[in-house]
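In: Task: produce atomic coordinates for the following.
(chains A and B)
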There are 2 protein chains.
Amino acid sequence: MGEFELIRHYFAAAPCAQGGEGVALGIGDDCALLDLAAGEQLAISTDTLVAGVHFPAVCDPLLLGQRSLAVAASDLAAMGASAIGFTLALTLPEVGPHWLAAFADGLGRMAHRCRMTLIGGDTTRGPLSITVTVFGRVPVGQALRRSGAQPGELLCVGGCLGNAAGALPLVLGERAAPEPVAGPLLAHYWSPLPQLNLGQSLRGRASAALDISDGLLADCGHIAKASGVALEVNLEQVPVSSELQAFLGLEGARQAALSGGDDYVLAFTIAADTLAAIPDLVRSAMTVHVIGRVLEGQGVTLRDSQGQDITPRQRGYQHFRETP
Amino acid sequence: MGEFELIRHYFAAAPCAQGGEGVALGIGDDCALLDLAAGEQLAISTDTLVAGVHFPAVCDPLLLGQRSLAVAASDLAAMGASAIGFTLALTLPEVGPHWLAAFADGLGRMAHRCRMTLIGGDTTRGPLSITVTVFGRVPVGQALRRSGAQPGELLCVGGCLGNAAGALPLVLGERAAPEPVAGPLLAHYWSPLPQLNLGQSLRGRASAALDISDGLLADCGHIAKASGVALEVNLEQVPVSSELQAFLGLEGARQAALSGGDDYVLAFTIAADTLAAIPDLVRSAMTVHVIGRVLEGQGVTLRDSQGQDITPRQRGYQHFRETP
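Out: Numbering: from 1, shown residues only, chains lettered A, B, ... in the order given. Prediction:
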């Protein structure tokens, strides 16, 4: 048995590769097989992380394993889908058993958290790169699209923004911060929590949704364009964490929140009365924040507390991914 | 719009990304959505090709596009699935418009041939690497597994073997051959034809199947192990093409057929009367060859025309993929 075949067996034997609702056949044959219930559609998304581009070439493999799955699973949350499983295409320059064990551990922890099963994949030799393809189920017609926002609705986000972008200097070792500040920021970068529960609770309620990966303003632009509406963002309502403020100051934190990427927090549009009708428990637990509204027109406008248009003219929404 | 966003739009606008049976939502949102009919399961497989490992770093991008999809779609054929679509995770060191146009053209040609729709993906910067994840449908319980072979059945393959492995010296530019020899061999390497029709016609008939990617003997070993049986291969019945014989001689051609990889021809086990009952038209068009039989026991035995056991002791079934 070759070393790569050994690795495949290693992943096939991992706890996160066993069983799983909707998984009729997992690792070990030419294909995996998934079952869907009547009236369900399958949601699919693919994300690639490349060493030196999307993450530092030298980093903790456990954290990398967590992040690799989380980033992809966040797309399921954005569609309101329930997670089923994922495939892993892992390209490795060499086979280090400790690295592999830690990576698989991180992957398994996030899989457990998201209730996902590893159903297949491919292991190859080459420059370190990870492609995860995720699968979820959603009732026919209830997937949260980007295209349904209506004038008069509210614009909301599912939590504090900017933590991941703000954490980058810490991730890259360019800056340091006391543990009470660095800890939460690094955790957000390395282990973003896909908002699967929030996405599911928004099915049939939110008119449009996505997960913020390119930065708030850029991603609001995607909703505005797909829906044929204008979005207005009130800067003072954009939530930023106390840790991010402690690290970057309020202005720096807001800049990270507006144009930083990799938050993997949901942004969505919803009618005010629909939002009000969602049980308080769900709303508070999800820390949903209203940050603006949907208007007729096009594009995204940023306003300060006096209502002045302070939209940045040049929005450099190239995140880490595209500015290696 | 950044260059990578441009590429995404480029692929989203490609003919192979439009419509498609079973595709409820294609490129452009957080996830793609697939529909399944009642009584169907979704078949999924992922394959990664890395430059310098699975294909020469400098090669014709049109051929590479064809091969990238064909290699993955072959796994759908091996399960007896009907193809639906695929996602493409493309990692590129730089963006060359001519390279991209040719790659997309090759991908589109193979997609058209296999009736598959490009439903999503990710485009990132990094060392050239291509991960394709394919999706197909198969009636519940009819997927062709590796585990159902029964003693007394025949062992068959769906066509000539060894062409792809035999073509490697041509692919790598290490040897040359006259066009009538080189042409068909290179075509087989760069554009293997996933045997989707054969796979579907074997549903409910073959007891076990896979596509030969690791070499005939190694892959027969997979069926034998999964099914808990022994397989006997008769060397003289293993089909090799006239071009491969012209290039390598009969012995060399047979060696390539036995242990070379990347053929993407189906191997399957089937009861003799079931095979006989498949309409002649299908059988002849598919050029199915009986090459051995299923016995009680374990492992794979190779026999010469006198029935002598000539099984190689050391089977070096590490193909190009694992011996860069």
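
In: Surely A:Glu153 and A:Ser207 touch.
Out: Yes: with contact taken as Cβ atoms under 8 Å, A:Glu153 and A:Ser207 are classed as touching, separated by 6.0 Å. For every residue, glycine as well, the C-beta is placed using N, CA and C.

In: anything in contact with each of the two?
Out: Residues touching both A:Glu153 and A:Ser207 (Cβ atoms under 8 Å, 6 or more residues apart in numbering or on different chains): A:Thr269, A:Ile270, A:Ala271.

In: mean confidence score for stretch A:47-59?
Out: In this model, stretch A:47-59 carries a mean pLDDT of 92.

In: and that stretch, how far out from the chain's middle?
Out: In terms of Cα atoms, centre = their mean, to the nearest Å, the centre of stretch A:47-59 is set 16 Å apart from its chain centre.

In: what about that stretch, how long is it end to end?
Out: End-to-end distance for stretch A:47-59: 19 Å, by Cα to Cα, to the nearest Å.

In: can you tell if it touches chain B?
Out: Yes: using Cβ under 8 Å from any Cβ of the partner chain, we find that stretch A:47-59 touches chain B at A:Asp47, A:Thr48, A:Leu49, A:Val50, A:Ala51, A:Gly52, A:Val53, A:His54.

In: Am I right that the last one is in contact with B:Thr124?
Out: Yes: at 7.1 Å, A:His54 counts as touching B:Thr124 under the criterion of Cβ under 8 Å.

In: the more surrounded of the two?
Out: Neighbour totals were compared for A:His54 and B:Thr124, and A:His54 leads with 24 against 21 (other Cβ atoms under 10 Å in any protein chain shown).

In: Return the host helix or strand of A:Leu186 as PDB; C-alpha atoms alone will do.
Out: In the assignment (DSSP states H and E), A:Leu186 maps to helix A:179-190. Output of helix A:179-190 as PDB, limited to C-alpha atoms (Å, rounded to 0.1, in the frame of the first residue of the first chain):
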ATOM      1  CA  GLU A 179      -4.000  37.300  25.000                       C
ATOM      2  CA  PRO A 180      -7.400  38.700  25.900                       C
ATOM      3  CA  VAL A 181      -7.300  40.600  22.600                       C
ATOM      4  CA  ALA A 182      -5.400  38.300  20.400                       C
ATOM      5  CA  GLY A 183      -7.200  35.100  21.500                       C
ATOM      6  CA  PRO A 184     -10.700  35.900  20.300                       C
ATOM      7  CA  LEU A 185      -9.400  37.500  17.100                       C
ATOM      8  CA  LEU A 186      -7.300  34.600  16.200                       C
ATOM      9  CA  ALA A 187     -10.100  32.200  17.100                       C
ATOM     10  CA  HIS A 188     -12.400  34.000  14.700                       C
ATOM     11  CA  TYR A 189      -9.800  33.800  11.900                       C
ATOM     12  CA  TRP A 190      -9.000  30.200  12.300                       C
END
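
In: Which secondary structure elements does that helix sit against?
Out: Helix A:179-190 is packed against helix A:61-79, helix A:163-171, helix A:242-259, with contacts defined by 3 or more Cβ pairs under 8 Å, 6 or more residues apart in numbering or on different chains; DSSP states H and E.
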